[in-house]
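K.L.:
Test case, fold it:
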Amino acid sequence: INSIATMSRARSYIMSNGAHCITSLCDVLKSDPTDSVLRQQALGALQKCSLKRSAQLEMINQGVVEWTLSALDLHNSGTTLCDYSLEYCTALLMNLCLRTVGKENCPPTVFNTLLPLIPHPNPQVKHYINGSIYSLLSSPTHRSSATSSPALDTALRSALASAPPPFKRQYNFILNLLISTSP
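P.N.:
All right, here's what the predicted structure looks like:
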C-alpha cells in the first residue's frame, strides 16, 4: 500500500471504498509499539494518503495526531525512531495540522514536543517541524501558549544563528508570526 500510495490516483482508489483501508493502517500504527518495518510501511502509506482531505479527517478521528505526538515524545526521550519513521511522522503531523480539527487535537504543550526537533540534522524533519509550528500558530489557543513562554522564541533564535539560508527564511518568518499582534 505504501508503494502505490505514492500516486495520486492510487490514493483516490484507496479512499474510494470509504475509510476502511485508512482505519486498518491506523490500527497497525497504533498496535505495534516497536519501530518495525510493518509500522514504518503503515506510517509511510498514511503520510502519503494524508495529502487527501478525507483521509486527513479520518486519521484525525482515529487519533493519529495524538499518536504522532506520542511517538515524537518517545523519540525525544531516548526511544529513537529510525530516520524514515521520524521523517514520515513529522510530515504526517504537519499534514494533519493543516486542518483546524487537527490543530484542536494538539494539546497546548505541543511545542514541548516540537522544540527539541528544531535543530535536528535532517533537513526534511526541520522543514516539517517548521511547517507544523507555522500551522499551529494560526490557532489562537496554540499561539497564546507559544507566546506565554519564551521557549519557542529562544529555540528559533538559536537555530537561526547557524541555519543555512532556506531555514533562516523559515525561522524568520515563524519568528515574525510569533511576535506579530494578529494570527
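
K.L.:
how close does the residue nearest in space to the middle of the chain get to Ile129?
P.N.:
Nearest to the geometric centre of the chain sits Leu93, at 2.0 Å (C-alpha atoms, centre = their mean). Plainly put, Leu93 is 9 Å away from Ile129 if you go by C-beta to C-beta, to the nearest Å. (Each C-beta comes from the backbone N, C-alpha and C, glycine too.)

K.L.:
do Trp67 as well
P.N.:
17 Å.

K.L.:
burial of Ser149, as a residue count?
P.N.:
Residues within reach of Ser149, counting by other C-beta atoms under 10 Å, total 12.

K.L.:
State the distance from the spatially closest residue to it that is not a sequence neighbour to Asn105.
P.N.:
Spatial nearest neighbour of Ser149, chain neighbours left out: Phe111 (7.8 Å); criterion: C-beta to C-beta, 6 or more residues apart in numbering. Here Phe111 is placed at a distance of 15 Å from Asn105 (C-beta to C-beta).

K.L.:
Which of these two has more residues huddled nearby?
P.N.:
More neighbours surround Phe111 than the other of Phe111 and Asn105, with 21 against 18 (other C-beta under 10 Å).

K.L.:
The helix or strand containing that one - contacts with which helices or strands?
P.N.:
Phe111 is located in helix 110-114, with elements delineated by DSSP states H and E. When contacts are defined as 3 or more C-beta pairs under 8 Å, 6 or more residues apart in numbering; DSSP states H and E, helix 110-114 packs onto helix 64-76, helix 123-136, helix 140-147, helix 151-161.
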